[in-house]
Structures are given as structure tokens and as C-alpha cells.
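Asks: Predicted structure and sequence below. I'll ask about it afterward.
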Amino acid sequence: MKNVAVILSGCGFLDGAEIHESVLTLLAIENAGAKYQCFAPDKLQAEVVNHLSGKTEPTQSRNILIEAARIARGNILPIQEINPDNFDAIIFPGGFGAAKNLCSFANEGATMSVIPEVLEVAKSFADSQKPAGYICIAPAIISQVYGSGVALTIGNDQETASALEEMGAHHKNCVVEDIIVDEAHKVVSTPAYMLAQTVSEAHEGISKLVNKVIQMA
């Protein structure tokens with residue numbers, strides 16, 4: 001049975017992991033006959049957003065790992081505890097947390113950096129030629145892991161795509177139900193809620209991504 005590491009970035013699409021994308025990823029892994037373990041950085045979120053009003057709450061602070069534990073029903077570990085030897089693949093659901101907490105793309109665009117613990121883990125899977133899946137805005141991390149020329153998608157938003165290409169990635173436009181596969185680097189990406197208007201739309205692309213990642217493992 002294949003074992004997949006899933007990296008979460010909090011809980012809630014405005015400041016953490018996108019909940020629908022995360023749950024759909026876990027469901028797709030199980031439906032593919034594989035198992036998963038969730039991980040997240042044990043550090044404070046970049047910011048806290050009220051998901052009812054959409055406004056930032058500057059006086060509040062939340063821990064990424066503790067918030068992500070809501071999605072994982074408590075079955076989650078600090079990202080520093082990943083042993084890549086125990087996993088066949090890795091998947092990053094999206095949400096603004098991927099662009100705020102795992103890296104600084106949301107604020108810095110093409111001059112972004114990936115937090116060290118995330119970059120180390122992602123590169124360890126890449127160096128071992130183990131497949132990876134990046135969902136929604138999480139592909140912003142890909143070029144930092146694999147270098148110039150890696151193929152990816154965030155859908156069809158030209159401003160975001162241009163920033164990714166400035167970092168050396170080869171962006172390909174993609175519809176919500178589909179995936180982009182870089183066979184050479186064993187990286188799969190899908191737009192999900194960069195384009196999705198419904199849960200079912202996000203589900204189709206995420207299921208394809210998960211199945212392809214597991215197939216490549």
C-alpha cells in the first residue's frame with residue numbers, strides 16, 4: 001500500500017489550508033487504495049483572517065499545526081518529523097496558507113522564499129525522485145524545489161502565472177477539471193479553487209492529481 005505525506009498550512013482558505021481541497025485530497029488517497037499522514041509546520045500563521053467578514057484580525061495569532069489538526073482530526077505531526085523514506089509521495093493542498101505560511105508568495109510574488117522546513121522536505125522527495133502533487137496556489141513552491149523549466153499550473157490567471165514564470169517555471173493554462181504533469185520531475189498540479197466554483201469541480205481535478213501521483217509512485 002502506498003503511503004502519502006500530506007502537508008497542510010493551517011485551516012481555512014483565507015489564512016490556512018483550503019478545507020475542501022484538503023478533505024478531498026485525503027478522500028481521494030483512500031479511494032485510490034493508499035494511506036496518508038498529515039504534517040504541518042509548528043509555528044505561527046502569517047496572519048489570522050475572520051472567515052465570516054473576510055477581514056484580518058491583527059490582534060490574534062494562531063499556530064499552523066494546531067489549526068491544521070482541525071482538518072486532520074488530531075492525527076497530524078510537525079513537518080520536521082517527516083522521514084521521507086517512509087513515504088512514496090507528497091501532496092500539498094492549497095489555500096492562502098500555502099502562499100502565506102509555507103512560503104511568502106502572497107506578499108512577495110516572484111521574490112518569494114519557502115520556509116526552510118518545507119523546502120527541505122519538498123527537496124528530499126524531489127531528490128529521491130518521489131512524485132509530488134501541488135494543488136491550487138501551492139504550485140508557487142514548485143520552482144523553488146525543482147529549478148527552472150519545471151511545468152506546472154495554477155489555472156489561467158495571467159498575473160500569477162507571470163510571477164511563476166519569472167521564477168523560472170513553465171506555466172501551462174489548465175481547466176479546473178484537469179491536471180498538468182511534468183513527467184521528468186514527477187510533479188503534478190491542478191487549479192482546484194483557483195478556478196473551481198463548486199466542490200464537485202475541485203473534486204474532479206484533485207482526484208485526477210491524486211491518482212496520477214500514486215500511479216507514479
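Replies: Yep, that arrived. Numbers count the residues shown, from 1 in each chain.
Asks: can we go C-alpha only for contacts and neighbour counts from here?
Replies: Noted.
Asks: Next up, phi/psi of the residue nearest to the spatial centre of the chain, please.
Replies: Nearest residue to the geometric centre of the chain (C-alpha atoms, centre = their mean): residue 92, 2.5 Å. With angles defined as degrees, to the nearest 10, residue 92 sits at phi -110, psi 100.
Asks: tell me the contacts of it?
Replies: Listed by C-alpha atoms under 8 Å, 6 or more residues apart in numbering, the contact set of residue 92 reads 6-8, 98, 133-135, 138.
Asks: Number of residues surrounding residue 215?
Replies: The number of residues packed near residue 215 is 11, by other C-alpha atoms under 10 Å.
Asks: One more: residue 194?
Replies: 20.
Asks: Touching, it and residue 153? I think so.
Replies: No: counting by C-alpha atoms under 8 Å, no contact exists between residue 194 and residue 153, whose distance comes to 10.0 Å.
Asks: CA atoms only for stretch 194-208 - export them in CSV, please.
Replies: The C-alpha trace of stretch 194-208 is given here as CSV (Å, rounded to 0.1, in the frame of the first residue of the first chain):
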residue,chain,number,x,y,z
MET,A,194,-8.1,28.9,-8.3
LEU,A,195,-10.9,28.2,-10.8
ALA,A,196,-13.5,25.9,-9.1
GLN,A,197,-16.9,27.3,-8.5
THR,A,198,-18.2,24.2,-6.7
VAL,A,199,-16.9,21.4,-4.6
SER,A,200,-17.5,18.9,-7.3
GLU,A,201,-15.4,20.9,-9.8
ALA,A,202,-12.5,20.9,-7.3
HIS,A,203,-13.0,17.2,-6.7
GLU,A,204,-12.5,16.1,-10.3
GLY,A,205,-9.1,17.7,-10.7
ILE,A,206,-7.9,16.7,-7.2
SER,A,207,-8.9,13.1,-7.8
LYS,A,208,-7.0,13.1,-11.1
